[in-house]
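Chemist: Attaching a predicted model along with its sequence, questions to come.
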Amino acid sequence: MEGPDGCGKTTQALLLKEALLKKGFDVVHSREPGGSSFAEELRSIILNPKYKISPLVELLLYEASRAQHTEEVIRPALQKGKYIICERYRDATIAYQGYGRGIPLSLIEQLNSIATENLIPDLTIVLDIPPEEGLGRIKKMKGKSGGDRLEQESLFFHKRVRKGYFAIAKKNPKRVKILSAKGTIKELHQKILKEIEDRIESYPAPLKARCGIQQIKS
């Protein structure tokens with residue numbers, strides 16, 4: 001689950017987890033930066049507004065967090081046949097540190113591959129929202145605190161991030177699906193669930209059997 005700040009990733013990720021659990025799926029919900037005890041410690045540093053972190057150091061901290069998260073949480077869950085809903089993964093670094101910060105995409109791709117050992121999500125859903133609206137949601141929710149270090153970045157930064165997500169989707173049309181984050185929470189949840197259902201229904205029968213999938217659509 002990806003998208004600009006204020007798009008509602010956490011709300012939708014938790015709703016999706018609940019829906020899939022009801023359908024009998026063994027689901028793990030996680031997030032980045034974070035997801036494991038050590039990676040959560042890194043998160044507290046990366047997103048803390050009191051720190052001034054250079055773009056390169058920021059990138060390396062994100063990749064360190066991702067490497068630990070992948071090794072400690074994601075791969076063990078996959079090996080046990082679990083399904084993973086993750087708020088942000090390698091695409092977020094391309095959008096934020098690549099398009100947002102201007103770090104060469106080739107370097108980010110290389111570090112992403114190292115940190116994940118070439119692990120790529122089966123489906124990436126980008127919840128799209130204009131930066132003005134997303135940042136407005138954050139301001140309304142968090143008030144005077146202004147949000148975390150990245151949420152406090154300029155409007156132009158967030159516009160570049162949004163542009164990055166569109167570029168990622170254009171480059172990976174089969175994997176990345178962009179959904180408007182406007183509308184009600186319930187309406188967006190139904191759109192996300194349909195994307196999941198359609199993806200699973202497209203699996204060949206042998207893969208469904210190997211993954212223990214009988215039927216997802218009710």
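Modeler: Now that the structure is in, tell me what you want to look at. Since the structure is predicted, the reported quantities are computational estimates derived from the model, not experimental observations.
Chemist: contacts, neighbours, all on C-alpha from now
Modeler: Noted.
Chemist: What are the boundaries of the strands in this structure?
Modeler: Per DSSP state E, the chain carries strands over the ranges 27-31, 83-87, 124-128, 176-180.
Chemist: Now tabulate those in TSV and tack on distance to F156 and mean pLDDT.
Modeler: Shown next, in TSV, are the strands of the chain (distance: least, Cα to Cα, whole Å; pLDDT from 0 to 100):
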stretch	distance to F156	mean pLDDT
strand 27-31	25	97
strand 83-87	23	96
strand 124-128	16	98
strand 176-180	20	97
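Chemist: first vs last residue of stretch 120-135, how far apart are they?
Modeler: 28 Å (Cα to Cα, to the nearest Å).
Chemist: can you put the strands of the chain in JSON lines and add mean neighbour count?
Modeler: Conversion of these to JSON lines gives the following (neighbours: other Cα atoms under 10 Å):
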{"stretch": "strand 27-31", "mean neighbour count": "18"}
{"stretch": "strand 83-87", "mean neighbour count": "20"}
{"stretch": "strand 124-128", "mean neighbour count": "24"}
{"stretch": "strand 176-180", "mean neighbour count": "18"}
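Chemist: okay if I get these as CSV plus distance to P76?
Modeler: Shown next, in CSV, are the strands of the chain (distance: least, Cα to Cα, whole Å):
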stretch, distance to P76
strand 27-31, 11
strand 83-87, 11
strand 124-128, 20
strand 176-180, 24
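Chemist: From S202, how far off is the most centrally placed residue in the chain?
Modeler: The residue lying closest to the centre of the chain (Cα atoms, centre = their mean) is R88, at 1.9 Å. From R88 over to S202 the distance is 24 Å, taken as Cα to Cα.
Chemist: ditto for G3
Modeler: G3 is 24 Å from S202, by Cα to Cα.
Chemist: Of those two, give the one with the bigger neighbour count.
Modeler: A direct count of neighbours by other Cα atoms under 10 Å for G3 and S202 places G3 higher, at 28 against 10.
Chemist: Read off the pLDDT value for that one.
Modeler: Here, the pLDDT recorded for G3 equals 97.
Chemist: Make sure it is actually in contact with P131.
Modeler: No - taking contacts as Cα atoms under 8 Å, G3 lies outside contact range of P131: 10.3 Å.
Chemist: Quick check: neighbours shared by those two?
Modeler: Here G3 and P131 share the contacting residues R162, scored by Cα atoms under 8 Å, 6 or more residues apart in numbering.
Chemist: nearest spatial neighbour of A115, skipping sequence neighbours?
Modeler: Spatially, and ignoring its direct neighbours in sequence, A115 is nearest to A67 (4.3 Å; Cα to Cα, 6 or more residues apart in numbering).
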